[in-house]
Each structure stands twice: as structure tokens, then as C-alpha cells.
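Novice: here is a sequence together with a model predicted from it:
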Amino acid sequence: MFRYTKGTLVKEILMWIVAVIMLLPFYLLINTALKTSADAIGTPAFQPATNPTFNSFVEIFQSGGSGNIFVGLFNSIVITGGAVIGLIIFGGATAYVLTRRLSRLSTTLYYLVLVGIVVPAQLGLVPLYIGARAIGLLGSPVGMAVIYTAMLMPLAVFLYGGFVRALPTEYEEAATIDGASPFRTYWQVVFPLLAPATGTISIMTGIIVWNDFFTPLIFLNGSTAATLPVVVYSYVGSLVTNWNNIFAVLIVALIPITVLYLIMQKRFIQGFSGGLKS
Amino acid sequence: MTHTQDTSLDSRGTARVESGRKSGLRPRKPLVRYGSWWWAIPGLLAVLSVHYVATSIGGAYAFTDFKGIGSFNWIGFDNFVKIVGDKKVFGSIGNTIFLAISFLIITNVVGLIFALALNRGIKSRYILRTLLFLPVVLSPLAVSYIFRFIFQVDGPFNSVLGAIGLESWQRPWLADPTWAIFTILAVMVWQNIGMAMIIYLAGLATVPIEIEEAAAIDGASAWQRFRHITFPLIQPAVAISTTLALTTGLRVFDQVQGMTRGGPFGATDTLSTVIYRETFANSHFGYGAALSLIFTVIVIAAAALQLFITRDRNAAAARKK
């Protein structure tokens, strides 16, 4: 019915033009990072680097102090990884229990959790800061991972919940008849079936935590647990207009999350469509 | 075997609610136990402490003169009275609402067009989807640095304008009181189109191709098919994408802080940047909390209005019957 026509070809070419224009900033980012400091200012931005050099990458890794990229990278990986794992384990279990049980209480609790998606973080930030300091979560990557897990829990419960609702109960019934305990039923039967939702949640929350600037700026500024965005922010402030070095830092910061996205992207769209059917 | 399992269900309390409600009747026992209720406790406690308790305490600060350390006094509505007299705040509320609404409309319209184009037909659609989503993966802070470079006075954007004969359009985009906010809007849109596109693609994947084919055979034009078949069927995607865009737009902080810090002369200040400055840079915790409270009310009201407008009318109608 819908065959590949001349119109489709025109559409295809148009979309490629759009994509190229939209990705021009990426070209400028990489191109400028490969230039020398003099070329980055002296030559036109679109002109390809004449002598591509990784000097700016070497420079940023050698600089110590607050601009220590490795520490930021390590902290960001621990915090993002911890939060994503926490959200998958606790978000999945919470969403499963709240959406599978059809009592009035669990349904009410489910919607009360969802309200958290729209409540802005700003209002609770100061009390959260004081509370986290009181129980010793402040200044450590693990504590930060716990805080992010709690902050993003409503989003994870929402995405898992939509998916669980669309899942037929026959799987659990079969597992129960075969004698599996509720825990085994969830962990070995239901959870693998939720893989698309898990993919969506890993990418979405992973991107949010990895890129978040506001929360760590307040919670981790000046501490040794600063994440990449905070390191980048303070680092850029000290560089003024050394664009090649600034862009080298940005490239280092975006590589891990881009790799995560490319690995998980297949599951990403599927997870959304599960959530949309609810 | 099954019998013992059923009794254990009762003793664990799962079926008790059911049997209590229908006392006298034979209690209806669920065949399967869907996990244990305590599995939800860590998640619920996390949400309760961060989204309810912390937010409520933050709301209470709005009525104090708390400075971040030391004791504080309850001062009633003084902070709010001060806000009403603060012209800067009104400007920032205007900027926030302008950014949020324009961002919502442009991102969703363009995202939907991209999704429709890449839904099927085009051979390289998978690679195009991946490429167009890439800006979403970047951190808003990184994006604002890249665009600060692009929109410099002697930067690439102005040189492109010069090259295509639009010298008169060249300007210091981020330092121009009129154009700075549009520049920020453009950057926000650039970064988030991919997100809207992915959500709409997920919605379009749920539209059965047979219905569209049937309509095409009956002579419906492409626009008619979209208006009367596709669009109603992707209502859930519209609701999610617009709500997400609205809350993202209202909360915008990183791009403003990274590109202009609210300048020039407050022309790009948003509620988030004003709250940040008052609370953390100036240590006016009480005043900042009052601003945050107003901000929270605006965001929740907007989200509720949004959900009301984009609610699934078919489902609502079905429920009424």
C-alpha cells in the first residue's frame, strides 16, 4: 500500500538536510576541540582543523585541582550508575506492587507517587540539603546516588507502572501454578518481560542524572564528590575563551552517556510505547 | 497443594481486604499473589521524604526570614508582599511563561513532523532517528557552552549570516536585550526536538497500519487521515510530550545560567535563575522559598491544566457511558 515513491525520496533527502543542519554544532564541537588554541580563535569555525591535534585533551587531563576531570568522571559514573540501579530495583518493585494490586489504597498511592513528577525540586532542595547533611549523605557519591534515586522515583514508577499494566497476568498465573514464589515470579518472569521499560528508564534517568547541573551545584560544590557538569562549570570559568580546551572537556563528558544511549537505544522506543498503551 | 497456597494467601493479608468487604459471601481469593506489599516501602518512603516532606518544609520556610543558618522568625506573608513589589520577579515570570509556551508549541509541532516523516517509508529512518535524538543526550550545560561559542559576535552564526548576504541581521545575539531570549529559546528547542520526536514515534507505533490503509482506500487525503485517525490515536503521546515540554520549559535553568546568567539586565531571567540567585548566592532562604512556592504552584497548575486539555476524550466519554 505505502510504497517507496518519488515523494518518499524527496522526504528522505529533506530529512537528511535537516539532520545535517541540526548536527552542525557537533561538527563545530569536534572540529574546534581538535584545533590548537591559536587556530581555535584565529581560523573560521567551519574551516576543518589543518593539523588535527589531541593537545587540548592532553592539556585538560594534566591540569590538576578543581579542574580534575578524572575525579568528576569517576563521581559521575558512580552516581549515575548507582541511581539507575536503585531506580530499576526499587522503582520496578514499587510500580509492580502498586499497579498489580487493585485495592483502592495501592491505586491512590500510585497516583500520589506520580504527583512527584511535576513537583519542582527547588522548593524541597534546602530541607533536603539539611536532612542529607544530618544523616551523612552529603559529599559522598553514594549519598548523592541515594538522593537521585529518591528524586527520580516517580518517573521510574510511572514508566514501569504503564508497562506492568499492559502486561497480561497469565505469565504470573502460570509461574504460580508451577510453584514459583512471588519473589521468583517477579524476578525471573515479570522483570525480564519489563526489559523495554528498563531500557527506557536507564536511558532517561541516566541522561537526567549524568547531565544534571542544578542539584550537584548546590549539593556538591567545592566537595571532592563534584560531578562532571560541576567540574566543567568551574573549569570553564577559569578558561575564559580557550574554546578548544572547553570543547575537549565537553567531549569527554558526553562520551560515556552517548555510549549508554547507543547500547540501549533499541529498547528505548519500545519502552515508551509500552508506557503509552496504559 | 493449591489449597495450602490459598490459606497462606489469607494469612498474609492479601485477600483480607476482599473478604472483609464482602463479609457473608464466599471470600474471593486472588489466584496469584503479586509480590508482597512491603516491596513498595523503599520506593514510597523515598517519594514521601523527598517529594512530600522536604517540599512541605520548604514551603514552610516561605513564611520565615530564614538565612540558611541560625534561628529564624515567622514573618507571615512578608516575603510575598516583597515579591509583589519586586519588578525583577515579574519580568522573570513573564520570561518563564513566554519560554515555556513557545518551547512547548515549537518543540511539539516540529517533533511530531519529524516523527511522522520517520515513522515509515524512508529507508534510512533508523539512523536518522538516532542522529536527531543525539542533542537530547548532551547536557544542557554543554549545549549552552557550544551555543555561546556559535552565537559570539564574531562566531560561526554571524559569519554564516554574512556569507549568505544577511549582514544586517548580524548582532551580539546573547548580549542583545531583545534577541537574547529568542536565542535561548532556539537552543532549548534544538536540544529537545529529539525527545518529542521519540515520544511521538512510540505513539505512532501503536497506530495499526490497516486502519490508515482502509481510510486511504476509502479516499481519505493524507491530512484527513492524520486529523481523524492518527492524531486521535496518539493522544497519550501528545499528553506525555506536551506535559514534559511544559515542565521542562517552566524549569529552564542550565541554558540561561550557562549562556547569559539572566542578563543582559535581567532580559533572560527566569524564575529558576532568580530563585537560585536569591536562595544560594544571596542566602535569602526565606525569600527564595516564597519564590519557589509560587513557582511550584505555577508548575502544578500548568501541568493540571495541560492534562485536562490533552486528556483522552474518548476514554472519558467511554467511562461516562
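Specialist: Nice, I can see it. Only a predicted model underlies this, so the values are computations on that prediction, with no experimental measurement involved.
Novice: name the residue of chain A that lies nearest to chain B.
Specialist: residue A:94 (3.0 Å; Cβ to the nearest Cβ). Backbone N, C-alpha and C define where each C-beta goes, glycine included.
Novice: tell me, how many residues neighbour residue A:102?
Specialist: 11 (other Cβ atoms under 10 Å in any protein chain shown).
Novice: check it and give its pLDDT.
Specialist: Each residue has a pLDDT score; the one for residue A:102 is 77.
Novice: biggest helix in chain B, by residue count?
Specialist: For chain B, the helix that runs over the most residues, judged by DSSP state H, is helix B:87-119.
Novice: pLDDT on the following helix or strand past that one, on average?
Specialist: The C-terminal neighbour of helix B:87-119 among helices and strands, as given by DSSP states H and E, is helix B:125-137. The average pLDDT within helix B:125-137 is 88.
Novice: now do the helix or strand that contains residue A:128: distance to the chain's middle.
Specialist: Here residue A:128 sits within helix A:122-134, counting by DSSP H and E. Offset of helix A:122-134 from its chain centre (Cα atoms, centre = their mean, to the nearest Å): 22 Å.
Novice: likewise for stretch B:37-50?
Specialist: 23 Å.
Novice: buried ones in that stretch, by neighbour count?
Specialist: B:37, B:39-40, B:42-44, B:46-50 (16 or more other Cβ atoms under 10 Å in any protein chain shown).
Novice: would you mind splitting chain B into its domains for me?
Specialist: Under automatic domain parsing, the residue ranges defining each domain of chain B are B:2-61, B:81-320.
Novice: make CSV out of those and add distance to chain A.
Specialist: Shown next, in CSV, are the domains of chain B (distance: least, Cβ to the nearest Cβ, whole Å):
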stretch, distance to chain A
domain B:2-61, 3
domain B:81-320, 3
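Novice: out of those domains, which is the most enclosed?
Specialist: domain B:81-320 (a mean of 19; mean count of other Cβ atoms under 10 Å in any protein chain shown).
Novice: quick one: distance of that domain to the chain centre.
Specialist: 9 Å.
Novice: can you check stretch A:184-197 too?
Specialist: Distance, centroid of stretch A:184-197 to centroid of chain: 22 Å (Cα atoms, centre = their mean).
Novice: list the buried ones in it?
Specialist: A:185-186, A:189-191, A:193-194, A:196-197.
Novice: pLDDT check: weakest of the residues you listed?
Specialist: pLDDT across these is lowest for residue A:196, at 82.
Novice: test my guess that that residue contacts residue A:162.
Specialist: No. Contact criterion Cβ atoms under 8 Å: residue A:196 and residue A:162 do not qualify, at 11.0 Å.
Novice: relative to residue B:82, which of the buried residues of stretch A:184-197 is nearest.
Specialist: residue A:197 (45.9 Å; Cβ to Cβ).
Novice: phi, psi for that closest one please.
Specialist: With angles defined as degrees, to the nearest 10, residue A:197 sits at phi -70, psi -40.
Novice: circling back: by contact count, what packs against the longest helix of chain B?
Specialist: Applying 3 or more Cβ pairs under 8 Å, 6 or more residues apart in numbering or on different chains; DSSP states H and E, we find helix B:87-119 packed against helix A:6-33, helix B:125-137, helix B:180-205, helix B:235-251, helix B:271-276, helix B:285-309.
Novice: identify the residues contacting residue B:295.
Specialist: A:120, A:122-123, B:250, B:271-272, B:275 (Cβ atoms under 8 Å, 6 or more residues apart in numbering or on different chains).
Novice: from these, pick the one nearest residue A:251.
Specialist: residue B:272 (27.1 Å).
Novice: flag the shaky bits of the chain, pLDDT-wise.
Specialist: Picking chain A for this. Under the criterion pLDDT under 70, the flagged ranges of chain A are A:1-2, A:63-67, A:221-222, A:238-241, A:267-278.
Novice: hm, I was asking about chain B
Specialist: For chain B, the ranges with pLDDT under 70 are B:1-31, B:312-321.
Novice: quick check, central residue of it?
Specialist: Geometric centre of chain B, nearest residue: residue B:244, 2.6 Å, by Cα atoms, centre = their mean.
Novice: where do the helices sit along the stretch 1-150 of chain A?
Specialist: A:6-33, A:37-42, A:55-62, A:69-86, A:92-100, A:104-118, A:122-134, A:141-166 (DSSP state H, counting those that start in this stretch).
Novice: winner for burial among those?
Specialist: Buried most deeply of these, by mean count of other Cβ under 10 Å, is helix A:92-100, with a mean of 26.
Novice: send the alpha carbons of it over as CSV?
Specialist: The C-alpha atoms that make up helix A:92-100 are tabulated as CSV, following Å, rounded to 0.1, in the frame of the first residue of the first chain:
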residue,chain,number,x,y,z
GLY,A,92,10.3,-1.7,39.4
ALA,A,93,9.2,-3.3,42.7
THR,A,94,7.1,-0.3,43.8
ALA,A,95,5.4,0.1,40.4
TYR,A,96,4.7,-3.7,40.3
VAL,A,97,3.1,-3.9,43.7
LEU,A,98,1.1,-0.6,43.3
THR,A,99,-0.3,-1.4,39.8
ARG,A,100,-0.9,-5.1,40.1
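Novice: hey, C-alpha coordinates of the helix holding residue A:128 in PDB?
Specialist: Extracted in PDB, the C-alpha atoms of helix A:122-134 (Å, rounded to 0.1, in the frame of the first residue of the first chain):
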ATOM      1  CA  GLN A 122      13.600  23.700  44.000                       C
ATOM      2  CA  LEU A 123      11.200  24.000  46.900                       C
ATOM      3  CA  GLY A 124      12.500  20.900  48.700                       C
ATOM      4  CA  LEU A 125      16.200  21.500  48.000                       C
ATOM      5  CA  VAL A 126      17.200  23.300  51.100                       C
ATOM      6  CA  PRO A 127      15.300  21.000  53.500                       C
ATOM      7  CA  LEU A 128      16.800  18.100  51.600                       C
ATOM      8  CA  TYR A 129      20.300  19.600  51.900                       C
ATOM      9  CA  ILE A 130      19.800  20.000  55.700                       C
ATOM     10  CA  GLY A 131      18.400  16.500  56.000                       C
ATOM     11  CA  ALA A 132      21.100  14.800  53.900                       C
ATOM     12  CA  ARG A 133      23.700  16.600  55.900                       C
ATOM     13  CA  ALA A 134      22.100  15.300  59.100                       C
END
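Novice: does it come close to chain B?
Specialist: Yes. Residues of helix A:122-134 contacting chain B under Cβ under 8 Å from any Cβ of the partner chain: A:122-128, A:131.
Novice: can you pull the contacts of residue A:88?
Specialist: Contacts of residue A:88 (Cβ under 8 Å, 6+ apart): A:156, A:198, A:201-202.
Novice: can you do 10 Å?
Specialist: For residue A:88, the contact set (Cβ atoms under 10 Å, 6 or more residues apart in numbering or on different chains) comprises A:149, A:156, A:160, A:191, A:194, A:197-198, A:201-202, A:205.
Novice: before we move on, back to that, spatially nearest residue to the residue of chain A closest to chain B, not counting backbone neighbours?
Specialist: residue B:43 (3.0 Å; Cβ to Cβ, 6 or more residues apart in numbering or on different chains).
Novice: would you agree the one you found is in contact with residue A:91?
Specialist: Yes. Between residue B:43 and residue A:91 there is a contact under Cβ atoms under 10 Å: 6.2 Å.
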